[in-house]
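Chemist: Build me a structure from this.
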Amino acid sequence: MNRRRFLTGVAMGSVSVAGCLGTGESPALPDGMTVETHHRVGSHLADDGLEPSGERPHSYQTIITDRSTARERMRDGDGGEGEGKNKNEITEFVAETDFDRSYLVVVVARAWSSQHWLEVRDIERTEDGIHVSIASDSDEPTVDDAAVHSLAIRITDEGDEPDAVAVSIDDESMGTTENTS
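Modeler: Take a look at the predicted model:
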């Protein structure tokens, strides 16, 4: 079973899950919000500012609110570790996004073993926007091959685009990104 790519959706109180979440749980979402995700071992972004040397931050997140920015900033898998099977999947993910109703939050973080995957646990509305809580999971024994992981989150919300998105992974704050669109 490939748990690295999964989609979840929650709409108006009913829960539907396509694919497989690591723990079998659907994320908790505010009313009127749906979420679909695409996980990758490697980065979804052409330039995410992360460097293996540790000189840069351990995580990066951004809000993408239009198709042209998504095409410019996001990349397909390039055959690197775990990326070959993701070739063209992110292009399709972006193409399927209706940017009149949805926006993308892309989170890039390091470093878990390549057997891990990232999944949204819950999203809460905040005074400035939203807080996305993400968990890293693995159902396989971990190996010592620390890798960058990326999670593209398509959020369709009846409300307005958020002014800011705060992200935490495994209950550790990864920071807040301002919406600059």
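Chemist: name the element His174 belongs to?
Modeler: For residue 174 the amino acid is Met, not His. strand 172-178 (DSSP states H and E).
Chemist: Pairing partners for that strand, with directions?
Modeler: Strand 172-178 has the following sheet partners, assigned by DSSP bridges: strand 164-169 (antiparallel).
Chemist: Can you list the buried residues in the partner strand?
Modeler: The neighbour-count check on strand 164-169 (16 or more other Cβ atoms under 10 Å) flags Val165, Ala166, Val167, Ser168, Ile169 as buried. The way it works is simple: take the backbone N, C-alpha and C, and place the C-beta from them, glycine included.
Chemist: beta partners for the spatially most central residue of the chain?
Modeler: Per Cα atoms, centre = their mean, the C-alpha nearest to the average position across the chain is that of Leu151, at 2.5 Å. Beta-bridge partners for Leu151, by DSSP bridges, are His39, Val107.
Chemist: Tell me the spacing between the nearest residue to Asp144 once chain neighbours are set aside and Gln61.
Modeler: Of all residues not flanking Asp144 in the chain, Ser113 sits nearest, at 7.0 Å (Cβ to Cβ, 6 or more residues apart in numbering). Counting by Cβ to Cβ, to the nearest Å, the gap from Ser113 to Gln61 is 21 Å.
Chemist: which one of those two has more residues nearby?
Modeler: When Ser113 and Gln61 are compared for neighbours, Gln61 comes out ahead with 24 against 17, by other Cβ atoms under 10 Å.
Chemist: Am I right that that one is in a strand?
Modeler: Yes: under DSSP: H, G, I helix; E, B strand; the rest coil, Gln61 sits within a strand.
Chemist: Output the lowest mean pLDDT helix or strand found in the chain.
Modeler: strand 14-18 (a mean of 29; mean pLDDT, DSSP states H and E).
Chemist: re the thing from before, the residue nearest to Asp144 is in contact with Asp137, isn't it?
Modeler: No: with contact defined as Cβ atoms under 8 Å, Ser113 does not reach Asp137; the gap is 11.5 Å.
Chemist: hmm, back to that, ok, so what distance separates the residue nearest to the centre of the chain from Asp100?
Modeler: 23 Å.
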